[in-house]
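Novice: Give me a 3D structure for the following:
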Amino acid sequence: MKSKVFASGLAIVLGMANVGTISFPEAAVAQQNTSEIDAAIAEGFRLFQEGSGESLRKAIGYLEKALALARSAKAQDKQALSLLALGRLHNSLDEKQKAIEYYNQALPIFRALGNRSGEARTLNNLGLVYDSLGEKQKAIDFYSQALPILSAVGDRAVEAITLNNLGLVYDSLGEKQKAIEYYNQALPIRHDVGDRAGEATTLNNLGSVYSSLDQKQKAIEYYKQALPIFRAVGNRSGEATTLNSLGLVYDSLGEKQKAIEYLNQALPLSRVVGDRSGEATTLNNLGSVYSSLGEKQKAIAYYNQSLPIRRTVGDRSGEATTLSSLGSVYFSLGEKQKAIEYYNQSLPISRAVGNRSREAITLNNLGNVYSSLGEN
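Specialist: Numbers count the residues shown, from 1 in each chain. Predicted coordinates:
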């Protein structure tokens, strides 16, 4: 199962300063409202940083209030900032079209104000949304517009985020060498600006690319550089993901006990940080390792822990993988009807999510079961 990679471009709105000027006669009206606008923006950002679904909804209320006041006062700088923050909030709530609408309103205001940093950050955020929607070429276009502006204004931290994000897109498109090039551009900048969590993220992403290229030792080197940094900055989610990735690499190298050790370190961390998707992935991976060791009942136990979590979090592709894995274990135990049941649950999900590779594997596995039963 593929290891997780990180976008690490998600909180870039919060560091923005209020910029721009207001000309007379609107300035007098703006002066009366500015403290109220600033207070609403500050409270919106505070709630944004809390990160819960409830706090994000409350933050939207404050930012919408700030936006209305800023429009009334013709305070374009605060309008743009509020719109950018609202886009980020709706993206966090998986309301992608709303996020795009807000970003598209913010962009021309930043341009009119000559705020190139705000323009570049908005372009980067648009790239993130389109990337998450699977519109990879659009994502590349927005990131590529943001990059030279960030370089020109000297915003090195966000430049590194954008380079990392371009690496992610090219990685997802299978253009691994391009991904490596962008990650290798991002890495020294993140180190130079002291973005240790970002540095660890890019190291992890390089590990993932090299693992996919079957350069396992290189992958291990990068993961082992990322791991102590995640630990040092207290990023337990990143630590869990990297431990899981190391488990996968050692599994692929046939070092099963090492794989189990790393996966067993990852599992409680995923639970502590509430990363249910990561927890399900690690449980599934433990099932795979035990299955390969011939410990089929242990494998079934781990798969059966993974499956309901994957259903709960809506990971349909992962659900199909775990169902197919259960089918394979039961087939190896000679329980052929059970194997057919699990494969037949997996198959329509793989089709629904467009996972042609998983669909083909499951069809092949079903063929093997029916063949063993003497059915053509």
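
Novice: Pop the domain breakdown of this structure in here.
Specialist: Domains of the chain are assigned by automatic domain parsing as 27-114, 319-327+334-376.

Novice: Can you add distance to Ser288, mean pLDDT and mean neighbour count and give the ones you listed back as TSV?
Specialist: C-betas here are computed from N, CA, C, even on glycine. As requested, the domains of the chain are arranged in TSV below (distance: least, CB to CB, whole Å; pLDDT from 0 to 100; neighbours: other CB atoms under 10 Å):
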stretch	distance to Ser288	mean pLDDT	mean neighbour count
domain 27-114	29	88	19
domain 319-327+334-376	7	94	17
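
Novice: Relative to Val233, which of the ones you listed is closest?
Specialist: Between Val233 and the domains of the chain, the shortest separation by CB to CB is 16.6 Å, and it involves domain 27-114.

Novice: For the closest one, what is the distance to the chain centroid?
Specialist: 24 Å (CA atoms, centre = their mean, to the nearest Å).

Novice: Check stretch 305-324 too.
Specialist: 18 Å.

Novice: Equivalent analysis for stretch 366-376, please.
Specialist: Worked out by CA atoms, centre = their mean, stretch 366-376 lies 40 Å from the chain centre.

Novice: which residues sit against that stretch?
Specialist: Contacting residues not belonging to stretch 366-376 are listed as Gly327, Phe331, Lys336, Ala339, Ile340, Tyr343, Asn344, Leu347 [CB atoms under 8 Å, 6 or more residues apart in numbering].

Novice: Tabulate the domains of the chain (a markdown table), appending distance to Asp214.
Specialist: Conversion of those to a markdown table gives the following (distance: least, CB to CB, whole Å):
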| stretch | distance to Asp214 |
| --- | --- |
| domain 27-114 | 34 |
| domain 319-327+334-376 | 17 |
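
Novice: Among those domains, which comes closest to Asp275?
Specialist: By CB to CB (comparing all of the domains of the chain), the closest turns out to be domain 27-114, at 13.3 Å.

Novice: ok, back up a step: can you tell me which of the contacts of stretch 366-376 end up in strands?
Specialist: Per DSSP state E, strands hold no members of the contacts of stretch 366-376.

Novice: Which single one of those is nearest to Arg46?
Specialist: For the contacts of stretch 366-376, the nearest to Arg46 is Leu347 (47.8 Å; CB to CB).

Novice: buried sites along stretch 199-215?
Specialist: Within stretch 199-215, the residues that count as buried by 16 or more other CB atoms under 10 Å are 199-211.

Novice: which among these gets closest to Leu133?
Specialist: Nearest member of those to Leu133, counting by CB to CB, is Asn205, at 20.3 Å.

Novice: I'd like the contacts of stretch 366-376 laid out as JSON lines, including distance to Ala157.
Specialist: Shown next, in JSON lines, are these (distance: CB to CB, whole Å):
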{"residue": "Gly327", "distance to Ala157": "47"}
{"residue": "Phe331", "distance to Ala157": "51"}
{"residue": "Lys336", "distance to Ala157": "57"}
{"residue": "Ala339", "distance to Ala157": "51"}
{"residue": "Ile340", "distance to Ala157": "53"}
{"residue": "Tyr343", "distance to Ala157": "48"}
{"residue": "Asn344", "distance to Ala157": "50"}
{"residue": "Leu347", "distance to Ala157": "46"}
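
Novice: Out of those, flag the one nearest to Arg71.
Specialist: Leu347 (52.6 Å).

Novice: List the contacts of the residue lying closest to that closest one once chain neighbours are set aside.
Specialist: Distances taken as CB to CB, 6 or more residues apart in numbering place Thr362 nearest to Leu347, at 5.0 Å, with adjacent residues excluded. By CB under 8 Å, 6+ apart, Thr362 lies in contact with Ala320, Ser324, Gly327, Tyr343, Ser346, Leu347, Ser350.

Novice: switch to 7 Å and redo it
Specialist: Residues near Thr362 by CB atoms under 7 Å, 6 or more residues apart in numbering: Ser324, Tyr343, Ser346, Leu347, Ser350.

Novice: pLDDT, secondary structure and distance to Leu168 added to the buried residues of stretch 199-215, as CSV?
Specialist: Shown next, in CSV, are the buried residues of stretch 199-215 (pLDDT from 0 to 100; DSSP: H, G, I helix; E, B strand; the rest coil; distance: CB to CB, whole Å):
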residue, pLDDT, secondary structure, distance to Leu168
Glu199, 97, helix, 15
Ala200, 97, helix, 15
Thr201, 96, helix, 10
Thr202, 97, helix, 10
Leu203, 98, helix, 14
Asn204, 97, helix, 11
Asn205, 97, helix, 7
Leu206, 98, helix, 11
Gly207, 97, helix, 13
Ser208, 96, helix, 10
Val209, 97, helix, 10
Tyr210, 98, helix, 15
Ser211, 96, helix, 15
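
Novice: the helices in the stretch 251-376 of the chain, which residues?
Specialist: For the stretch 251-376 of the chain, the helices defined by DSSP state H, counting those that start in this stretch occupy 256-272, 276-292, 296-313, 316-332, 336-352, 356-372.

Novice: Let me know which of those is the nearest to Glu135.
Specialist: Between the helices of the stretch 251-376 of the chain, helix 316-332 lies closest to Glu135; by CB to CB that is 18.6 Å.
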